[in-house]
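Participant: my questions are about this predicted structure, shown below with the sequence.
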Amino acid sequence: MESNGKRVDRDGKAVGYATAPVLWGEAGTNGQHAFYQLIHQGGRLIPCEFITCIQPDFTLSEDHHAKLLAHCFAQSEALMRGKTLDEATDELAAAVLSAPTFLAPYKVFPGNQPSTTLLLPRLNPYTLGQLIALYEHKVFALGVLWNVDSFDQWGVEYGKQLASRLLPMIEGRTPAIGLDSSTAGLVAACAKTA
């Protein structure tokens, strides 16, 4: 996100498009309870990647890893396939305790949500290095396509400039003057607890 999060291209002109995806993630099935719902039905296109290994790092129970693989593959399939209103209505009608069909619209998913599943043989230094190289290359290639400099970081530098001005104020070595009201309030709150 840092490398390609740019609003100006290599020619100094404003770009008219988003230049970097927002990245987040979660290990295992925890993601199902954190953000998968947003990806499935949130109303915006969110490309995603699933990374999993054929062999587990360690064995918890006989079927634990197989269940994790099944959930990973099922999420990517659900994103691809989706579910139509007719499918949702039929599913509700066929339920053991027939559910009311007014629930059908809530069970509709558009599908055609882009995802990639990377299936590694096992997580080890070699495959981890491959992943790092893949993402480094991806950042560079996207920077070329978007015509942005993936290797400058002027926004981060600006934050460092402001931090060097604020540190003596937070430490109480200089008065907290010339600050906006929000930053002044944060500095003052730190001074009260010091």
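Facilitator: Thanks, I have the structure now.
Participant: residue boundaries of the helices in the protein?
Facilitator: With helices called from DSSP state H, the chain shows them at 36-41, 64-81, 85-94, 125-146, 154-170, 181-193.
Participant: and the second one, how far out from the chain middle?
Facilitator: Read that as helix 64-81. Taking CA atoms, centre = their mean, to the nearest Å, one finds helix 64-81 lying 18 Å from the centre of the chain it belongs to.
Participant: and it, what does it pack onto?
Facilitator: The contact analysis (3 or more CB pairs under 8 Å, 6 or more residues apart in numbering; DSSP states H and E) places helix 64-81 against helix 36-41, strand 48-53, strand 115-120. All C-beta spots, glycine's among them, are computed from the backbone N, C-alpha and C.
Participant: worst average pLDDT in the helices of the chain?
Facilitator: Mean pLDDT per stretch puts helix 36-41 lowest among those, at a mean of 87.
Participant: for it, buried residues please.
Facilitator: 36, 39-40 (16 or more other CB atoms under 10 Å).
Participant: cool, and stretch 180-193?
Facilitator: Val187.
Participant: show me what contacts the residue minimising distance to the centre of the chain?
Facilitator: Central residue of the chain (CA atoms, centre = their mean): Trp24, 2.5 Å from the mean position. Contacts for Trp24 (CB atoms under 8 Å, 6 or more residues apart in numbering) come out as Phe35.
Participant: neighbouring contacts of stretch 44-51?
Facilitator: Taking CB under 8 Å, 6+ apart as the rule, stretch 44-51 contacts 21, 38-39, 72, 75-76, 79, 113-118, 120, 131.
Participant: now the helices and strands packed on helix 64-81 as CSV including distance to Leu167?
Facilitator: Formatted as CSV, the helices and strands packed on helix 64-81 follow (distance: least, CB to CB, whole Å):
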stretch, distance to Leu167
helix 36-41, 37
strand 48-53, 38
strand 115-120, 41
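Participant: show me the one of the ones you listed that comes nearest Leu85.
Facilitator: helix 36-41 (13.2 Å; CB to CB).
Participant: for that closest one, name the packing helices and strands.
Facilitator: Helix 36-41 packs on helix 64-81, going by 3+ CB pairs under 8 Å, 6+ apart.
Participant: would you list the helices of the chain in CSV and tack on distance to Ala14?
Facilitator: Listed next are the helices of the chain as CSV, based on distance: least, CB to CB, whole Å:
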stretch, distance to Ala14
helix 36-41, 29
helix 64-81, 33
helix 85-94, 42
helix 125-146, 12
helix 154-170, 14
helix 181-193, 27
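Participant: so which of those helices gets nearest Phe102?
Facilitator: helix 85-94 (9.0 Å).
Participant: how far off centre is that closest one?
Facilitator: Using CA atoms, centre = their mean, the offset of helix 85-94 from its chain centre is 32 Å.
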